[in-house]
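Peer 1: got a predicted model here, sequence first, then my questions.
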Amino acid sequence: MTASETDLLTELHTCETRVWDALVRGDMQADSAALDAGFLGVYPDGFAGKDAHVAQLADGPTIARFDLSDARVKALGRDFAVFSYRADYVRTGQTAPETMYVSSIWQRHGAGWINVFSQDTPARG
């Protein structure tokens, strides 16, 4: 991995962690700030836009704890990149851990990044 790929991986890992932290805190404002107005999420139960993603926090936190691992990044041109990783997490009010693989497309936005797309794939067995 080149130095620029390592830097991009670190930068997007931080961005993605902010989204998960917002889910842990139930922070609708932080979640909204990380997502593009045209955000599209593809989940096991269907599609969701930005409003639906943020609305899941209306009653508070949805995630009790999480760990992101096995991260990889691929630049998709100068201003876009896909960040893929394994997420191990426990939902708020639950005890059973869950695992999924996530790929999120981020777009350079000013000095930072904004999430434009995410797809979650549950891990099998």
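Peer 2: Nice, I can see it.
Peer 1: residue contacts, the residue most central in space within the chain?
Peer 2: Nearest to the mean C-alpha position of the chain, by C-alpha atoms, centre = their mean, lies E16 at 4.5 Å. Going by C-beta atoms under 8 Å, 6 or more residues apart in numbering, E16 touches L68, F83, Y85, V102, S104, N115. To be clear about C-beta, it is placed using only N, CA and C from the backbone, and glycine gets the same treatment.
Peer 1: right, and the second one touches Q107 too?
Peer 2: No: contact criterion C-beta atoms under 8 Å: F83 and Q107 do not qualify, at 11.7 Å.
Peer 1: which one's more surrounded, these two?
Peer 2: Neighbour comparison, F83 and Q107: the larger count goes to F83, with 24 against 15 (by other C-beta atoms under 10 Å).
Peer 1: and the helix or strand encompassing that one, which residues are buried?
Peer 2: Counting by DSSP states H and E, the element that carries F83 is strand 80-91. By 16 or more other C-beta atoms under 10 Å, the buried positions in strand 80-91 come out as A81, V82, F83, S84, Y85, A87, Y89, R91.
Peer 1: TSV for the residues you listed, including distance to F39 and pLDDT?
Peer 2: Listed next are the buried residues of strand 80-91 as TSV, based on distance: C-beta to C-beta, whole Å; pLDDT from 0 to 100:
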residue	distance to F39	pLDDT
A81	16	97
V82	15	98
F83	14	98
S84	17	98
Y85	18	98
A87	18	98
Y89	20	98
R91	21	98
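Peer 1: save the residues you listed as JSON lines, and put in distance to A48 too.
Peer 2: As requested, the buried residues of strand 80-91 are exported to JSON lines (distance: C-beta to C-beta, whole Å):
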{"residue": "A81", "distance to A48": "22"}
{"residue": "V82", "distance to A48": "19"}
{"residue": "F83", "distance to A48": "18"}
{"residue": "S84", "distance to A48": "19"}
{"residue": "Y85", "distance to A48": "19"}
{"residue": "A87", "distance to A48": "16"}
{"residue": "Y89", "distance to A48": "17"}
{"residue": "R91", "distance to A48": "16"}
